[in-house]
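Participant: Give the three-dimensional model of this entry:
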Amino acid sequence: MTASPVSEPQLEVEGASDARFYRFSVMLTGALRMWRATRVTLPVILLNAVLQGVLILPTQSAFTGLTLALTALGSALALVATLAVVTAGALDSFGLVHPNWDGVRRRLAASWVPFVGWTCALFVVVVAGFALWTWPGALLLALGLFVPLSAMDRASPLRATWLIIRRRPVRWAVTVLVVLALGLVAYLSRAVLWFFVPQFVGVAIAGLVWGVLVWWVSTGLAALYLAVSRGRPEVER
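Facilitator: Coordinates of the predicted model:
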């Protein structure tokens, strides 16, 4: 599932990108850069939010094993497809030109197999970790944050994660803590939202909020990933 980073034709954009992938804050950089991918990423996030809301409806009226299986499969496919577009857009957000559908499609065509494989494997491992206890799951999630990005870039996720931890240990630790804190707040907020808001509306709103959050986090993580993988000396350590 591993190979060299995507080169043709994405490297024409990424290789010429701004050397200052981040300065003071990775997450602040993500918040500023993410909007460059609005034309690509935002419509997909909106579509996914609506689909997640629609897919919850059959389980309310015809709750059978087959219905549950089909809706769960549809929901999972929509989530993976959305994450793929968000991840591709996050990487392309650091090019000289804004992300566009042509570039994202080329990246997806070249990387969808390793991306799906690594992302699904990460999901299984993290779920197994949380099944054991909170801390193993949180640790595995922290170690796997860069897996989707590096897989989409056709780089080795294990090597990319190790390089980031070795070369930017403090930056990695701070970023991980911020991301986990944001995820915890979003998780608790979703539980409250679903309690007070009807199913379709609540699920759709939660899908939108989580989509924007993942968009932000992915772009911030992409800044750190690119700073290490491209080896730019100008980037603050």
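Participant: Quick one: low-confidence residue ranges for this protein.
Facilitator: 1-20, 59-64, 194, 231-237 (pLDDT under 70).
Participant: let's see 50
Facilitator: 1-19, 232-237 (pLDDT under 50).
Participant: where do the helices sit along it?
Facilitator: 11-14, 26-33, 38-56, 58-61, 65-92, 101-132, 134-143, 147-152, 157-167, 169-196, 199-229 (DSSP state H).
Participant: what's the most buried one of the ones you listed?
Facilitator: Comparing those by mean neighbour count (mean count of other CB atoms under 10 Å), helix 147-152 ranks first with a mean of 26. (Glycine included, C-beta is placed from N, CA and C.)
Participant: Output the contacting helices and strands for it.
Facilitator: helix 65-92, helix 101-132, helix 157-167, helix 199-229 (3 or more CB pairs under 8 Å, 6 or more residues apart in numbering; DSSP states H and E).
Participant: could you check the angle helix 26-33 makes with the first one?
Facilitator: Following axes from the mean of the first three to the mean of the last three CA atoms, to 10 degrees, one obtains 90 degrees for the angle between helix 65-92 and helix 26-33.
Participant: Helix 65-92 packs against which elements?
Facilitator: Counting by 3+ CB pairs under 8 Å, 6+ apart, helix 65-92 packs on helix 11-14, helix 38-56, helix 58-61, helix 101-132, helix 147-152, helix 199-229.
Participant: likewise the shortest one?
Facilitator: Applying 3+ CB pairs under 8 Å, 6+ apart, we find helix 157-167 packed against helix 147-152, helix 199-229.
Participant: Nearest to Asp102 among these would be which one?
Facilitator: Among the helices and strands packed on helix 157-167, the nearest to Asp102 by CB to CB is helix 147-152 (16.2 Å).
Participant: Can I get that closest one as CSV, trimmed to CA atoms?
Facilitator: As requested, C-alpha coordinates have been extracted for helix 147-152 and formatted as CSV (Å, rounded to 0.1, in the frame of the first residue of the first chain):
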residue,chain,number,x,y,z
VAL,A,147,-2.4,8.0,8.1
PRO,A,148,-5.1,9.4,5.7
LEU,A,149,-2.9,12.3,4.5
SER,A,150,0.2,10.2,3.8
ALA,A,151,-1.9,7.4,2.2
MET,A,152,-3.5,10.0,-0.1
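Participant: just use 53 as the starting number from now, easier for me
Facilitator: Understood, numbering begins at 53; the last thing we discussed is helix 199-204.
Participant: Contacts for it next, please.
Facilitator: Under the contact criterion CB atoms under 8 Å, 6 or more residues apart in numbering, helix 199-204 has outside partners 53, 58, 135-136, 139-140, 142-143, 159, 163, 166-167, 169-171, 174, 208-209, 212-213, 270, 273-274, 277, 281.
Participant: so what's the nearest residue to Leu195 once chain neighbours are set aside up against?
Facilitator: Spatial nearest neighbour of Leu195, chain neighbours left out: Thr213 (6.2 Å); criterion: CB to CB, 6 or more residues apart in numbering. For Thr213, the contact set (CB under 8 Å, 6+ apart) comprises 195-199, 202.
Participant: how about a cut-off of 10 Å?
Facilitator: By CB atoms under 10 Å, 6 or more residues apart in numbering, the residues touching Thr213 are 194-199, 201-202, 224, 277, 280.
Participant: Would you reformat those as JSON lines and include distance to Leu107?
Facilitator: Shown next, in JSON lines, are those (distance: CB to CB, whole Å):
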{"residue": "Ala194", "distance to Leu107": "30"}
{"residue": "Leu195", "distance to Leu107": "31"}
{"residue": "Gly196", "distance to Leu107": "26"}
{"residue": "Leu197", "distance to Leu107": "27"}
{"residue": "Phe198", "distance to Leu107": "29"}
{"residue": "Val199", "distance to Leu107": "26"}
{"residue": "Leu201", "distance to Leu107": "27"}
{"residue": "Ser202", "distance to Leu107": "30"}
{"residue": "Trp224", "distance to Leu107": "36"}
{"residue": "Tyr277", "distance to Leu107": "32"}
{"residue": "Val280", "distance to Leu107": "38"}
